[in-house]
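Asker: heads up, no residue letters with this:
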Ligand code: NAP
């Protein structure tokens, strides 16, 4: 997928899947805006990719005004916005619902659900004004079923999947492509935290069971191509061998 002339904004770009997505999109020719709370990490990554290619923007996605300012800065620097990757996410608290800290529980909703809304709400007016755009959201198999001690995470991912479906329903006919990616388990900090918790079957997985972060990153790039149009308003599962083949991973 050739991305020359395209501008991509990635949330949660300081490490893991988001940082790899930045590298993959930049290698395909895109300009990338890198958002995360860790200012130094996104600045380092922007330095690695080069000042002509990358813009680092400190941003907490749970605050709408910060996301709106990031969209504004991206358009001011690169002239447009073609792709939004809603990747920022968190999992903690890992706790049974009956004992979960209410504030920490709500923070997951603020980031994983409201953060996705904030990205869509801030990007859509720009994309609609341009005549189209692509909004990708990194979802999870947790959207589809309960996983012990992950009530906030599962609920937030189920809600975020509905937001992808909503954007497709309301703006699909106006050239907005909204798709979700369920990556399977990926070797990132999030899986380290899961392993350390020792709760539920996911924490028992061997590290070698996880895919490398460049796999979902390459899948996100593929999802920008017309080949993925059949998944508009729906989820691409990277556990699916057919998808892995289409993305060129196997
Ligand atoms: P990660 O290494 O923990 O990265 C999470 C990223 O989200 C970091 O860049 C973090 O940056 C950012 N983030 C968290 N809170 C944020 C906030 N309030 N505002 C802005 N950025 C924020 O985990 P990952 O595995 O790469 O996760 C990326 C996405 O994949 C998440 O949505 C996750 O749910 C999803 N996912 C992961 C797996 C897996 O097995 N790893 C499986 C399914 C889905 P800062 O801390 O610098 O803000």
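Answerer: Nice, I can see it. Owing to the predicted nature of the structure, the values given are computational and were not obtained by experimental measurement.
Asker: Need the phi and psi values for the residue most central in space within the chain.
Answerer: Nearest to the geometric centre of the chain sits residue 87, at 1.8 Å (Cα atoms, centre = their mean). Backbone torsions of residue 87, given as degrees, to the nearest 10, read phi -110, psi -30.
Asker: same deal with residue 7?
Answerer: The phi/psi pair for residue 7 (degrees, to the nearest 10) is phi -120, psi 130.
Asker: how close does it get to the ligand?
Answerer: Distance from residue 7 to the ligand, counting by Cβ to the nearest ligand atom, to the nearest Å: 19 Å. No exception for glycine: its C-beta is placed from N, CA and C like everyone else's.
Asker: what's the spacing between that residue and residue 61?
Answerer: To residue 61, residue 7 is 18 Å away according to Cβ to Cβ, to the nearest Å.
Asker: now swap in residue 93 and tell me
Answerer: Relative to residue 61, and taking Cβ to Cβ, residue 93 is found at 19 Å.
Asker: Straight-line length of stretch 197-217, end to end?
Answerer: The straight-line separation of the ends of stretch 197-217 (Cα to Cα, to the nearest Å) is 26 Å.
Asker: about what we covered before: which one of residue 7 and residue 61 is surrounded by more residues?
Answerer: For residue 7 versus residue 61, neighbours defined as other Cβ atoms under 10 Å are more numerous around residue 61 (27 against 23).
Asker: List the contacts of that one.
Answerer: Counting by Cβ atoms under 8 Å, 6 or more residues apart in numbering, residue 61 touches 11-12, 35, 67, 86, 88, 111, 115-116, 118-119.
Asker: one more time with 6 Å
Answerer: With Cβ atoms under 6 Å, 6 or more residues apart in numbering as the criterion, the residues that contact residue 61 are 11, 67, 88, 115, 118.
Asker: swap in residue 182?
Answerer: For residue 182, the contacting residues are 139-141, 235, 237, by Cβ under 6 Å, 6+ apart.
Asker: re the thing from before, distance of the residue nearest to the centre of the chain relative to the ligand?
Answerer: In terms of Cβ to the nearest ligand atom, residue 87 sits 5 Å off from the ligand.
Asker: Would you confirm that that residue contacts residue 11?
Answerer: Yes: applying Cβ atoms under 6 Å as the test, residue 87 and residue 11 come out as touching, 5.4 Å apart.
Asker: on that earlier part again, just curious, which of the contacts of residue 182 is nearest to the ligand?
Answerer: Lowest distance from the ligand to the contacts of residue 182 (Cβ to the nearest ligand atom) belongs to residue 140, with 4.0 Å.
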